[in-house]
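> Take a look and give me a structure for this.
(one chain, ligands or ions: 1)
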Amino acid sequence: MDAADWNARYDTAELIWKGDPNQFLPAEVAELPVGTALDLACGEGRNAVWLATRGWRVTGVDFAEVGLAKAARLASDHGVEGTWITADATEWTPPAEGFDLVIIFYLQLPAAELARALRTAVAALAPGGTLLLVAHDLLNLTEGVGGPQDAAVLTTAEAVVDGLAAAELALGCELVIERSGRLERVVTTPEGDRTALDTIVRARRMDAGV
Ligand SMILES: C[S@@+](CC[C@H](N)C(=O)[O-])C[C@H]1O[C@@H](n2cnc3c(N)ncnc32)[C@H](O)[C@@H]1O
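Sure thing, here's the model as predicted:
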């Protein structure tokens, strides 16, 4: 889906993913000291806004400005602020000072484009910063429920780790993979509860500077 497709999808009064954060986010960031956070492909801002309510200074980037307008409204409804930037995650140049946390949730792109978005994410990380990616896993197509039905935009933890290794090489920085694998997420459907399969990767940037 391109930006026009996403803008059309977001062009409703309702929030597509409600206002609540993704269920895996709170536990994954619970131990981190609050600082600056970047939500790459933030959509309607549910995760960025939740982080802001916890004291993080958040920036949300997405190429769909209709989604970003909803993110700004969600932030205002929660009495918090964010910086909202319309940009393509595969091309955007992040600010040089870096973010303490970079999150990417359900940015489903073909492998080469995801690799470019991962490079953006790594370039955005401050030394010591944490990168957290959650996505619909390739196995979800055959053994899960929901999500894109096109294998080309589904991923695996192994593919993400490979993409991060390429970004490390290109940027001359060092990442430590703290977590990589698959998570189960219960989804309520008209036929009852089903299990969706997500990829998760969490990495920490260890070097002193790019
Ligand atoms: C499934 S939504 C997820 C939104 C949000 N991360 C969340 O979990 O609620 C995918 C988002 O990726 C954005 N997106 C897709 N390709 C993008 C790109 N190349 N650059 C920036 N945003 C992109 C879409 O506009 C959409 O908001």
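> Most proximal residue of this protein with respect to the ligand?
The nearest approach of the chain to the ligand comes at Gly43, 2.7 Å away (CB to the nearest ligand atom). Glycine gets a C-beta too; all of them are placed from N, C-alpha and C.
> Which stretches in the chain count as helices?
3-10, 25-29, 46-53, 65-77, 111-124, 140-143, 157-171 (DSSP state H).
> How many residues are close by the closest residue to Asp11 other than its chain neighbours?
Among residues not flanking Asp11 along the chain, Val66 sits closest, at 5.4 Å (CB to CB, 6 or more residues apart in numbering). Number of residues near Val66 (other CB atoms under 10 Å) recorded here: 20.
> Check whether Val66 really touches Leu15, as I assumed.
No: counting by CB atoms under 8 Å, Val66 sits too far from Leu15 to count as a contact (11.9 Å).
> List the residues that contact the nearest residue to Ala157 once chain neighbours are set aside.
Of all residues beyond its chain neighbours, the one nearest Ala157 is Ser180 (4.1 Å), with distances taken as CB to CB, 6+ apart. Ser180 sits next to Ala157, Glu158, Val160, Val161, Ile200, Val201, Arg202 when contact means CB atoms under 8 Å, 6 or more residues apart in numbering.
> what stretches of the chain score poorly on pLDDT?
Where the chain drops to pLDDT under 70, the residues are 208-210.
> go with 50
Applying pLDDT under 50 to the chain flags residues 210.
> residues in contact with the spatially most central residue of the chain?
For the chain, the residue sitting closest to the mean C-alpha position, by CA atoms, centre = their mean, is Ile104 at 1.3 Å. Residues near Ile104 by CB under 8 Å, 6+ apart: Asp39, Leu40, Ala41, Ala89, Ala117, Leu118, Ala121, Leu131, Leu132, Leu133, Val134, Ala135.
> Across the sheet, point out what pairs with it.
Ile104 has these beta-bridge partners by DSSP bridges: Leu40, Leu133.
> Gly82 too?
Applying DSSP bridges to Gly82 gives these bridge partners: Val58.
> surely it meets Val49?
Yes: with contact defined as CB under 8 Å, Gly82 and Val49 form a contacting pair (6.9 Å).
> Overlap in contacts, the two.
Contacts common to Gly82 and Val49, judged by CB under 8 Å, 6+ apart, are Val58, Ala71, Ala75.
> Run a quick neighbour tally on Asp162.
Neighbours of Asp162 (other CB under 10 Å): 14.
> Filter the contacts of Ser180 down to the buried ones.
Ala157, Val160, Val161, Ile200, Val201, Arg202 (16 or more other CB atoms under 10 Å).
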